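> Quick one, what's the 3D model for this:
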Amino acid sequence: MKLLSRELVEKAGVNVEELLKLLVANAAAELTTFYYYTALRVNLIGFDGEGLKEIAEDARVEDRNHFEALVPRIYELGGKLPDDMREFHDRSACPPARLPSGGGVKEIVKVLLKAEQCAVAGYTNLCNITAGKDHRTYDLSLAILNEEIEHEAWFAEFLEMGPSGHFRRRRVGESPFVSKFLHP
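From the prediction side, this is the model:
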């Protein structure tokens, strides 16, 4: 028996199997980014690095929140996560945000920025696919996109690409846009 919510998304013209592949790939990117950002954050050392730790921690925890928010939607549409973590990692929509070899703080920030830019592209694509067709996935993707754009702006600002216009979160991992999708 099909779920009505999935059937309605299909009737609206969305290829749900392709959508599920994208959602799983983005969930993989969020969870692997959470992992890689842990290694990047602990390597932000020295005068320059200390000022970035809180920002990197915010992005790291919010990426975990994004993963947590995506998982229910995957299952609601009849999908599932891979049984093997290595397979899940390899399905990631974005390349691993690995610690650069021999790089300092600036090189780490470039890795962080590139990861956020990949996420911005991925969620923009999901919004484009689901706009007006799958309201729940669109709303979730747009919420995540808003946070990923802020993360991108934070790291771009540290690379002196101009002011971000964004301010510090009240608390680490606040997820101001995605929090409505999280269940405490």
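> all contacts plus neighbour counts: C-alpha atoms, from now on.
Will do.
> helix or strand for the nearest residue to residue 149 once chain neighbours are set aside, which one?
Of all residues not flanking residue 149 in the chain, residue 120 sits nearest, at 6.2 Å (Cα to Cα, 6 or more residues apart in numbering). Element membership for residue 120, per DSSP states H and E: helix 105-130.
> Now do the same for the helix ranked longest in the chain: mean pLDDT, whole number.
In the chain, assigned by DSSP state H, the helix with the most residues is helix 46-76. Confidence for helix 46-76, expressed as mean pLDDT, is 93.
> Flag every buried residue along that helix.
Of the residues in helix 46-76, 49, 52-71, 73-74 count as buried by neighbour count, 16 or more other Cα atoms under 10 Å.
> ditto for stretch 3-23
Within stretch 3-23, the residues that qualify as buried are 6, 9, 14, 16, 19-23, counting by 16+ other Cα under 10 Å.
> Please apply the same query to stretch 161-181.
164, 172-173, 175, 178-179, 181.
> can you put those residues in a markdown table and add secondary structure and pLDDT?
Compiled in a markdown table, the buried residues of stretch 161-181 are given as follows (DSSP: H, G, I helix; E, B strand; the rest coil; pLDDT from 0 to 100):
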| residue | secondary structure | pLDDT |
| --- | --- | --- |
| 164 | coil | 74 |
| 172 | coil | 76 |
| 173 | coil | 73 |
| 175 | coil | 89 |
| 178 | coil | 94 |
| 179 | helix | 91 |
| 181 | helix | 93 |
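> biggest separation within these, which pair?
Using Cα to Cα, the pair of the buried residues of stretch 161-181 lying farthest apart is 164 and 181, separated by 25.8 Å.
> For residue 76, give its distance to residue 147.
Residue 76 sits 23 Å away from residue 147, taking Cα to Cα, to the nearest Å as the criterion.
> Kindly report the same for residue 25.
In terms of Cα to Cα, residue 25 sits 18 Å off from residue 147.
> One more: residue 179?
11 Å.
> residues in contact with the closest residue to residue 80 other than its chain neighbours?
Leaving out its chain neighbours, the residue that sits closest to residue 80 by Cα to Cα, 6+ apart is residue 74, at 6.2 Å. By Cα atoms under 8 Å, 6 or more residues apart in numbering, the residues touching residue 74 are 20, 23-24, 80-81.
> And for residue 140?
Here residue 140 is in contact with 69-70, 178, 181 (Cα under 8 Å, 6+ apart).
> Alpha carbons of the host helix or strand of it, in CSV - could you do that?
Element membership for residue 140 (DSSP H and E) is helix 135-158. Extracted as CSV, the C-alpha positions of helix 135-158 are listed here (Å, rounded to 0.1, in the frame of the first residue of the first chain):
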residue,chain,number,x,y,z
HIS,A,135,5.5,21.3,-0.3
ARG,A,136,7.0,19.5,2.7
THR,A,137,10.3,18.6,1.0
TYR,A,138,10.4,22.1,-0.4
ASP,A,139,9.9,23.7,3.0
LEU,A,140,12.5,21.5,4.6
SER,A,141,15.0,22.1,1.7
LEU,A,142,14.4,25.9,1.8
ALA,A,143,15.0,26.0,5.6
ILE,A,144,18.3,24.1,5.2
LEU,A,145,19.3,26.3,2.3
ASN,A,146,18.8,29.4,4.4
GLU,A,147,21.2,28.1,7.0
GLU,A,148,23.7,26.8,4.5
ILE,A,149,23.7,30.3,2.8
GLU,A,150,24.5,31.8,6.2
HIS,A,151,27.3,29.3,6.8
GLU,A,152,28.8,30.2,3.4
ALA,A,153,28.6,33.9,4.2
TRP,A,154,30.4,33.4,7.5
PHE,A,155,33.3,31.5,6.0
ALA,A,156,33.5,33.9,3.0
GLU,A,157,33.7,36.8,5.5
PHE,A,158,36.8,35.2,7.2
